[in-house]
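Asker: Sequence and predicted structure are below.
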Amino acid sequence: MKTFHYLSVISLALGLQGAQANAQELIVNGYGGPYGDLIQETIIKPFAAETGIDVIYDETGSSGADYAKIKATGGNPGWDVNVMTAAQSLDGCKDGLLEPLSLSAVPNLAFIDPGLRDLAGECGAVHELQYVSLLYRTDKLDPAPTSWNDLADPRLNGKIVLPTFNNLLASQMLQVYSAMAGNDANDVDPGLEMLTKLAPHALAFEDTSALMDKYIREGDAWAMPFYSGRAGGMKNGGVPVDFIIPAEGTVPLVATLNVPVGAEHKDAAHMFIDYWLSKTGQESWALAYQVGTARADVDLPADFRAKQVTTREDIQKLILPNLSVTASRLPEWADRWEREVVPAAN
Amino acid sequence: MNVSEPISAARQRRSFLSPGAYVPLIPPVSALLLFFALPMGMMIGLSFETTLGGFGLSNYQDFFTDDLALDGLRRTLVMSGLVAISVTVMAYPIAYFLARSTTRWRVIVFALAIAPELAGVVLRTYGWLVILEKNGFINDTLISLGLIEEPLPLIGNMFGAVVGLTHVLLPFGILSLLTSIQGIDQNLEKSAQILGASRLSVLRHIVFPLSLPGIMSSFLIAFTLSASAYATPALLGGIKFKVLATMIYREVLVLVNWPAAAVMATVLLVIVIGIAFFSTRAENRIVNRLHVR
């Protein structure tokens, strides 16, 4: 009887241990607000239901702050998966802070556009593709703008909002205008010249997309550069706006999923990334957040495709700067922005 | 009595010299060393790291030869000085009222004085944004009253940042002055009045000199917190008003140039410590000269 008692205790202990092993945990760090809610509903809940992995979603911090934490902790920030930009992904990979992702660990990487995989480097899984769109008020602008040069149109004097250099949009606008002038996107003299020309016409310069949002929503601004995902959300929310890729083209905002080198649950992290990159994951995420996808075999409605980057042809039309070069030149651009663009602002 | 006093003093000296007396200090000192001195030391060390992985003064050379960085430093010092002055000037009458009043208004004024601390700094700053912006409450009111035709530039400059920070830091000024004024013996004021001194004279010759330590504390707290404030200058100062805190933010989170940020933080630290040191010495001199100790 005593032996049976001992065996029961041991079995119970082993059983508990087994249960703990089954109930795997995964900590995912991403953005907050509506973005966080969408991730929960569209990706995390179906993934948890399919795998039984318990996902904790950490929505504190911006992508810059999160990357700073990864850097400060030597790749051990306390989470397993991070939503980042491709530029951060490249930088973190170069510094050995992020885990390289192999096809064996994340099989769905094979379906991601090779050009974008190269752009994000071996540590980043491109899970979302936005672009810098030209957003405008349909009730204020007739005819509608068609070119990036339309931001300098006299009817938009005092009716545009521009990003500060703290906002990634600023460097991307420099690249767009430089590519328009026939330069390499990272040779930004024409971009700085154009932004200096636009600066006096700006109603405001803002640090974040969330701050830029209110100007056009309330009708104080009539046009501005804005990421396509947020622009789509605003349009679907009933604000009288539309967004376009102007005739001269645009640059993408390539978002990646990454695993810090010190992540505790790497297997679960790989499974999570693979789920997000799956056909179902990409379709539901693209529709939910109104963003493009780097996976060409997805089934998406034609009207959605018309507004988003979803095919290889769409991707090939984008201006794709070398992000490593971009990162190395940012300090110089920031300095010139302060000396040339800022003094021209009202 | 004459014998027992030296013995008592000697005992006291012995008890301070005995190692056991320092044991209670070990936890707080260890915590300070670990969580304050060590990170600070690491930050200062980082400021000497060069791009090639070595150590040197090149980051400091870059900072002190960059006109944009020096402009940021100048703006930081001017803004912090203005905030410190306005906080102290505004806090003084409120603190005096709180220290001397016995009416029921005292509780209400005290609650109102510390109320700004109940809301987060970002929320309070957004409140000022609504009030001060181009189409905000003040401009709309002035325009509707026909007093101005064009909106006044109340944000996007130093004025906006100083107003916002003064509001944020006013409770700190009030509390430090309140403690100081409460410590002044009211009998001194009564005696002066009995001897014929006017209310203004009492304030000028007794209350003000005796409250100098509180004035210095209020000034230093407001100055130090303003110099390191990020959210309010970033939101109310606008694109042209860069201070060191907003520049540090950019270096850390946008340009990922931590050594440059560490240089700015170290320069700020040294300046604030220097100002605190010299202010305290100046305060001691003034107080001694006034023979109020």
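Answerer: Happy to help now that I have it.

Asker: Excluding chain neighbours, give the residue nearest to the residue in the stretch 151-300 of chain A that chain B sits nearest to in space.
Answerer: Chain B sits closest to A:F205 of the stretch 151-300 of chain A, with a gap of 4.2 Å, by C-beta to the nearest C-beta. To be clear about C-beta, it is placed using only N, CA and C from the backbone, and glycine gets the same treatment. Spatial nearest neighbour of A:F205, excluding adjacent residues (C-beta to C-beta, 6 or more residues apart in numbering or on different chains): B:I239 at 4.2 Å.

Asker: Tell me, how many residues neighbour the one you found?
Answerer: Around B:I239 there are 23 other residues, counting by other C-beta atoms under 10 Å in any protein chain shown.

Asker: Against A:K235, how distant is whichever residue of the stretch 101-250 of chain B sits closest to chain A?
Answerer: Of all residues in the stretch 101-250 of chain B, the one sitting closest to chain A is B:I239 (4.2 Å; C-beta to the nearest C-beta). According to C-beta to C-beta, to the nearest Å, B:I239 and A:K235 sit 28 Å apart.

Asker: buried ones in the helix or strand B:N284 falls within?
Answerer: Taking DSSP states H and E as the definition, one finds B:N284 inside helix B:258-289. Residues of helix B:258-289 classed as buried: B:258-269, B:271-272, B:275-276, B:279, B:283, B:287 (neighbour count, 16 or more other C-beta atoms under 10 Å in any protein chain shown).

Asker: which ones among these come in contact with chain A?
Answerer: Filtering the buried residues of helix B:258-289 for proximity to chain A (criterion: C-beta under 8 Å from any C-beta of the partner chain) leaves B:W258.

Asker: The helix holding B:N284 - contacts with which helices or strands?
Answerer: Packed against helix B:258-289 by the contact rule (3 or more C-beta pairs under 8 Å, 6 or more residues apart in numbering or on different chains; DSSP states H and E) you find helix B:38-46, helix B:58-65, helix B:67-100, helix B:212-227, helix B:244-249.

Asker: Report the closest residue of chain A relative to chain B.
Answerer: The nearest approach of chain A to chain B comes at A:G64, 3.5 Å away (C-beta to the nearest C-beta).

Asker: Give me the spatial nearest neighbour of that residue, chain neighbours excluded.
Answerer: Nearest in space to A:G64, with sequence neighbours left out and distances taken as C-beta to C-beta, 6+ apart, is B:L253 at 3.5 Å.

Asker: Run a quick neighbour tally on that neighbour.
Answerer: 18.

Asker: Test my guess that it contacts A:K69.
Answerer: No: B:L253 is beyond contact range of A:K69, at 10.4 Å (criterion: C-beta atoms under 8 Å).

Asker: moving C-terminal of the helix or strand encompassing B:T125, what's the next helix or strand?
Answerer: Per DSSP H and E, B:T125 falls inside helix B:121-132. Following helix B:121-132 in sequence order, the next helix or strand is helix B:137-144 (DSSP H and E).

Asker: And the residue of chain B found nearest chain A, how far from A:P190?
Answerer: Across chain B, no residue is closer to chain A than B:L253, which sits at 3.5 Å (C-beta to the nearest C-beta). For B:L253, the distance to A:P190 equals 27 Å [C-beta to C-beta].

Asker: what do you get for A:D153?
Answerer: Separation of A:D153 from A:P190 (C-beta to C-beta) stands at 18 Å.

Asker: Which other helices and strands does the longest strand anywhere in chain A contact?
Answerer: Across chain A, the longest stretch assigned as strand under DSSP state E is strand A:125-137. Contact partners of strand A:125-137 among helices and strands, from 3+ C-beta pairs under 8 Å, 6+ apart: helix A:114-120, helix A:168-180, strand A:223-227, helix A:228-236, strand A:241-244, strand A:252-258, helix A:266-277, helix A:279-289.

Asker: List the contacts of the fourth one.
Answerer: The contact list for helix A:228-236, computed with C-beta atoms under 8 Å, 6 or more residues apart in numbering or on different chains, reads A:34, A:128, A:130-133, A:135, A:209, A:213, A:216-217, A:241-243, A:289-292, A:307-309.

Asker: Repeat that for the last one.
Answerer: Contacts with helix A:279-289, where a contact means C-beta under 8 Å, 6+ apart, come from A:35, A:38, A:41-43, A:46-47, A:111, A:127-128, A:229, A:233, A:275-276, A:291-293, A:295, A:297-300, A:304, A:308, A:310.

Asker: Which of these fall in helices?
Answerer: If you go by DSSP state H, the contacts of helix A:279-289 have A:Y35, A:L38, A:P46, A:F47, A:G229, A:G233, A:Y275, A:W276, A:F304 in helices.
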